[in-house]
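# Here's a sequence, model it:
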Amino acid sequence: MNALEQLLDYPLGDTMPGQGQTLEVAPGVRWIRMALPFALDHINLWLLRDEIDGRPGWTVVDCCISRDEAKAQWQQVFETQLEDLPILRVIVTHMHPDHIGLAYWLCERWNAPLWISATDFNASRLASQSTTGFGGEHAADFFASHGLTDPDSVEKIRARTNYYPGMVPDVPRTFRRMQDGDIIRIGGQGWRCISGYGHAPEHISLHCEALKVLISGDMMLPRISTNVSVYDVEPESNPLKAFLDSIDKFAPLAQDTLTLPSHGKPFRGLHERIRQLHEHHRDRLAEVVRACAQSPQSAADILPVMFKRKLDLHQTTFAMGESIAHLHALWFGGRLRRRLGDDGIYRFAPA
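Prediction:
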């Protein structure tokens, strides 16, 4: 546990649900933990006791990527954890593959509706049918314009044309829209939708005031900082400002709120974690400013400044998105200026 984590409270300690099992973390709220084949090796999913139109059952929050191992884990949950009750609806916090990948399968398996923001529904439909934002020619050209020009990386990104569809092969054809401020009745309790930006197009977290529980999705993680990236589909965006503004929306919640993150363990200390994330990004921005003051920097130049460890290609593409996001925050804020060089690469220097 690092020093920052020691300032948070993990009420369950090291207790976690076993494979295909659930663990109750609040009345009617159960934790499922599924494996992922990445450096970030798990995702937390949530099973909420529910009743819709007089029919008892469960609401699922998030789904895991589409792969046989995840389906097998879900099958264990169906057989041992549902108390012979059906899944009544599938809520997806946002469109990233580990959250929506199996939504099509769960919705079809249980004839259950998908609940998601309209923005992320349409973004996932588009991405599952194309290479938009996650690989292919356009993504390779975008990263090259920010300095990632070594032929091996460019070729691998260009060839990665099935990244999103490989994990999200399909998306349900219909959905129920969730919007900021909506109150969803789940198991007799009201859960308020809180929109968040910067990580996904329109991420929805869920807060139950009566239970003092926040299902934070990826907007509030205890151990790592949420990925905040600029993508080729929106090449001049300012996602870092959007993210920091969004997490401040959690500040009015009760001090003892139990936060249920998509990665890591349930924790208390929400206000402290908001402070930590602001401080983390303030420090990274200061590092970027210092580097740019020494000489004009591309996003690729900034990678070793922001990321001290060795990165594989999968991690490098996320890191590039984050590097551009920090440069853009300073550019939009008037602290840096941007210039396109004769070599076709954007570099940033003090304004």
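
# I'd like the distance between residue 279 and residue 205.
Note on residue 279: its distance to residue 205, by CB to CB, to the nearest Å, is 21 Å. From N, CA and C alone the C-beta is placed, and that goes for glycine too.

# An error on my part: the question was meant for residue 173.
Distance from residue 173 to residue 205, by CB to CB: 25 Å.

# Between those two, which has more neighbouring residues?
The neighbour comparison of residue 173 against residue 205 (other CB atoms under 10 Å) goes to residue 205, with 28 against 9.

# Surely that one forms part of a strand?
Yes: counting by DSSP: H, G, I helix; E, B strand; the rest coil, one finds residue 205 located in a strand.

# any idea how far residue 267 is from residue 255?
Here residue 267 is placed at a distance of 13 Å from residue 255 (CB to CB).

# Equivalent analysis for residue 84, please.
Residue 84 is 39 Å from residue 255, by CB to CB.

# More neighbours: these two, which one.
residue 255 (10 against 6).

# So for the more buried one, what's the nearest residue that isn't a sequence neighbour?
Sequence neighbours aside, residue 271 is the residue nearest to residue 255 in space, at 6.1 Å (criterion: CB to CB, 6 or more residues apart in numbering).

# quick one: secondary structure of the one you found?
helix.

# pLDDT score for it?
pLDDT for residue 271: 98.

# And residue 132, by the same measure?
Looking at residue 132, its pLDDT reads 57.

# all numbers from here: first residue = 30
Shifting the count to begin at 30 puts that one at residue 161.

# circling back: compute the distance between the residue nearest to residue 284 and residue 255, please.
17 Å.

# Of these two, give the one with the bigger neighbour count.
Neighbours per residue, other CB under 10 Å: of residue 300 and residue 255, the larger number sits with residue 255, 24 against 15.

# contacting residues for that one?
For residue 255, the contact set (CB atoms under 8 Å, 6 or more residues apart in numbering) comprises 227, 228, 247, 248, 249, 272, 306.

# neighbour-wise, which of those residues leads?
Most surrounded of the contacts of residue 255: other CB under 10 Å gives residue 248, at 29 neighbours.

# Could you give the number of residues near the residue nearest to it when sequence neighbours are not counted?
Leaving aside its sequence neighbours, residue 248 sits nearest to residue 225 (CB to CB, 6+ apart; 4.2 Å). Counted by other CB under 10 Å, the residues lying close to residue 225 total 27.

# One more: residue 65?
Neighbourhood size, residue 65 [other CB under 10 Å]: 18.

# cool, and residue 371?
By other CB under 10 Å, 5 other residues sit near residue 371.

# Looking at it now. What's its pLDDT?
At residue 371, the model reports a pLDDT of 98.

# ditto for the one 4 residues further on
As predicted, residue 375 sits at a pLDDT of 98.

# Repeat that for residue 69.
89.

# Just to be sure, it is in a helix?
No: counting by three-state DSSP, residue 69 is not found in a helix; it is coil.

# Which helix or strand contains the closest residue to it other than its chain neighbours?
Closest residue to residue 69 apart from its sequence neighbours, by CB to CB, 6+ apart: residue 292 at 6.0 Å. When elements are assigned from DSSP states H and E, residue 292 belongs to no helix and no strand.

# ok, the residue nearest to residue 146 when sequence neighbours are not counted to residue 202 distance?
The shortest distance from residue 146 to any non-neighbouring residue, by CB to CB, 6+ apart, is to residue 231 (3.9 Å). Distance from residue 231 to residue 202, counting by CB to CB: 19 Å.
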